[in-house]
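K.L.:
compute the structure for the input listed below.
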Amino acid sequence: MAKWLNCYFAKFISTIQPFNHSTIQPFNHSTIQPFNHSTIQPFNHSTIQPFNHSTIQPFNHSTIQPFNHSTIQPFNHSTIQPFNHSTIQPFNHSTIQPFNHSTIQPFNHSTIQPFNHSTIQPFNHSTIQPFNHSTILSQNKRPFPQSRKGR
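P.N.:
The predicted model follows:
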């Protein structure tokens, strides 16, 4: 068994690095500050609030709805249509007509006629005839006299 252990550990022994004692720095005791016991505040037990267990609501497990896996629709990869790059028409820049600024005519302000307010006739309210309701024929009266033919 010892032979087996030697073979087992032999492959690891070659990787062990010797410890370099020269890299250890001596501990500087002069840098240690003495502990100031006077700065310690005593613990104030009176400020501790007792835990109110009565405010804890029990967990209602019955309100948890189980996840319904049957409602999940599987993704139908067959409905995805591959993008057809061949249907894209290249933009024909040569069909764009440049805007001809020279064809724009300046606005001729001198052709505008001023509005003649003096030609407006006031509305004559006295010419309005009141509507004569008595001239409306009832539905059982005929609007025109009957022809005498055929009597």
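
K.L.:
now Phe35: how far from Phe27?
P.N.:
Noted for Phe35: a distance of 17 Å to Phe27, by C-beta to C-beta, to the nearest Å. Glycine gets a C-beta too; all of them are placed from N, C-alpha and C.

K.L.:
same check, this time on Ser78
P.N.:
Ser78 is 74 Å from Phe27, by C-beta to C-beta.

K.L.:
same check, this time on Ile88
P.N.:
76 Å.

K.L.:
check Gln65 too.
P.N.:
Distance from Gln65 to Phe27, by C-beta to C-beta: 63 Å.

K.L.:
other residues contacting stretch 43-60?
P.N.:
Taking C-beta atoms under 8 Å, 6 or more residues apart in numbering as the criterion, no residue outside stretch 43-60 touches it.

K.L.:
quick check, distance from stretch 94-109 to the centre of its chain.
P.N.:
Put simply, stretch 94-109 sits 43 Å off its chain's centre (C-alpha atoms, centre = their mean, to the nearest Å).

K.L.:
mean confidence score for that stretch?
P.N.:
For stretch 94-109, mean pLDDT is 83.

K.L.:
buried stuff in that stretch?
P.N.:
Buried residues in stretch 94-109, counting neighbours by 16 or more other C-beta atoms under 10 Å, are absent.

K.L.:
just the CA trace of stretch 89-105, in CSV.
P.N.:
Only the C-alpha atoms of stretch 89-105 are listed here, as CSV (Å, rounded to 0.1, in the frame of the first residue of the first chain):
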residue,chain,number,x,y,z
GLN,A,89,-36.4,47.3,-55.2
PRO,A,90,-33.4,49.5,-55.3
PHE,A,91,-34.1,53.2,-55.0
ASN,A,92,-33.8,54.9,-58.4
HIS,A,93,-32.1,58.2,-57.7
SER,A,94,-32.0,59.1,-61.3
THR,A,95,-35.8,59.6,-61.3
ILE,A,96,-35.7,62.4,-58.8
GLN,A,97,-36.3,65.7,-60.6
PRO,A,98,-34.4,68.7,-59.2
PHE,A,99,-36.6,71.5,-58.0
ASN,A,100,-36.5,74.4,-60.5
HIS,A,101,-36.4,77.5,-58.4
SER,A,102,-36.4,79.7,-61.5
THR,A,103,-40.0,78.8,-62.3
ILE,A,104,-41.3,80.4,-59.2
GLN,A,105,-43.1,83.7,-60.0
